[in-house]
Structure formats: C-alpha cells, structure tokens
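Chemist: Give me a 3D structure for the following:
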Amino acid sequence: MRTAFRGLKEEIRTRIVEGVWAPGELVPNEVDLAVEFKCARATVNRAMRELAEEGLIERKRKAGTRVRTAPLRQARFTIPVVRKEIEARGAEYRYALVRREIMQPPDWLRARLNLAQDDEVLHLTCMHYAEGNPYQFEIRWINLGALPKAKDADFSKVGPNEWLIAEVPFSDAEISFSATSADEDLSQQLGCARGDALFMAERSTWWQGQAITYVRLVFQRGHRMTTRY
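Modeler: Okay, here's the model as predicted:
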C-alpha cells in the first residue's frame, strides 16, 4: 500500500523528534526513502521540502539532507475560537446550527483530505453572530474515521470550532484566504446582497498524517483579519 504524503511527512518528523536520526546526521536520500515507503520520489521530495521550510532539516545540493543541529524557530499557528474573537470586541456572541448530516465525502473533499470513497464525514453548517448580527458562516466536514465521537456530539449548543480544539490537537494545517461572491445561500445567511464581495478562509487540519477536518469560513462584508505571531 502506498504511503500518503501526510503520513510520510509525519513519519519523517517522528524519526527526527525521537532521535532516530540525530542532530547533524545525514538523512537517507529520496530514492532510498521512496523504496522504503513504497511511494513516488516526488512524494518524498514534497515532504522533505516542507520539513526544510519548517526548519527541521537542511538540504544542500550535492551534500545531501541533514537534521538541523538547532531547529529554526518558526511562527506557530493557533486556531482562533470565534466566540472568544467576538467577545474580545466587547460584543455578545450567539451560535446557531443550521444543518447537520452524515454523508460520504464528495470527490473534491476526498482528493483534498486523501479520504476513501466509503469513508463517512459529518457535514455541518453553522452561523456565528455578534450582537445579533451575522458575523461568520461556517461550512465544515469532520472525518468520522479519525474522530468517531463527533457522530454523537451535540453541536446544537457548542460549535464544532470549539469542540474540535478541546477534543483533538493538530500536527499539520493548510490555510488559504480568498475573496468570494455571495450566492443566494450566503446572502440569506449573512444578510448581504447577491454578488457582494466577501472574505473567505479555508482550513484543513491533520493529526499525525490522518485528516481531521476541512472548514470553509465566510465573513460578513468589511471583515478584517489580524494575526499575531
């Protein structure tokens, strides 16, 4: 069975953290690792490239790849809690669960999270309000194979954002930001006109190579995001 990219990356990271490959030690080359893990060399290359960007290894042309003697300090991302975000502004927070269903993942989600066709995901649609006004529209998928207890969790009172943070850590995250136009559903939920430009964030998280969740967050018009590292 071929090793998925995320699983390969986590295995290499584990070997470094646990000292299987000591600081300063030369790491096996990509060809040997591809043979060991039964995967394409391009998969190994991507994993090594990301670990180099994270400061765990150092890659030099013709000299090979070594474990860094002192890992580079990296900015760490903390997943924000929307309730705390709203309350920090001095506003009253309110949450509402709009839809909930258990389903098989659509093709695009299977490709994004490396899920199998017969896997089950929990699909949630939620609204977050500040002072009674629409603040954030949340569309989320949770991998029930990785987190089966989510199937029985009561998301009518606590949003999946807070529940996931309390239940499971993440070892890897992928985040993107973009603009989107309000369709009929977004215009109704966020109280804006169809076609309005809105801010959207997408986030996928994994724990030790296993996909946990993918979420799409769309904010009310004029939203401004500020981060601190």
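Chemist: And the helices in this protein, which stretches?
Modeler: Secondary structure of the chain by DSSP state H: the helices cover 5-17, 30-37, 41-53, 82-87, 107-113, 160-167, 184-190.
Chemist: and the fifth one, what other elements does it pack with?
Modeler: In other words, helix 107-113. strand 133-143, strand 210-219 (3 or more C-beta pairs under 8 Å, 6 or more residues apart in numbering; DSSP states H and E). C-beta coordinates here come from the backbone N, C-alpha and C atoms, glycine included.
Chemist: between the ones you listed, which one is nearest to residue 196?
Modeler: strand 210-219 (10.7 Å; C-beta to C-beta).
Chemist: The closest one pairs with which strands, parallel or anti?
Modeler: Its sheet considered, strand 210-219 pairs with strand 133-143 (antiparallel), strand 197-207 (antiparallel) by DSSP bridges.
Chemist: how about residue 211, what does it touch?
Modeler: Contacts for residue 211 (C-beta atoms under 8 Å, 6 or more residues apart in numbering) come out as 6, 113, 114, 115, 143, 146, 204, 205.
Chemist: Buried ones only from those, please, as a PyMOL command.
Modeler: Those of the contacts of residue 211 that count as buried under 16 or more other C-beta atoms under 10 Å are selected in PyMOL with:
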select buried, resi 6+113+114+115+143+146+204+205
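Chemist: Leaving out chain neighbours, which residue sits closest to residue 200?
Modeler: The shortest distance from residue 200 to any non-neighbouring residue, by C-beta to C-beta, 6 or more residues apart in numbering, is to residue 180 (4.5 Å).
Chemist: Count the residues that sit near the one you found.
Modeler: Applying other C-beta atoms under 10 Å, we find 13 residues neighbouring residue 180.
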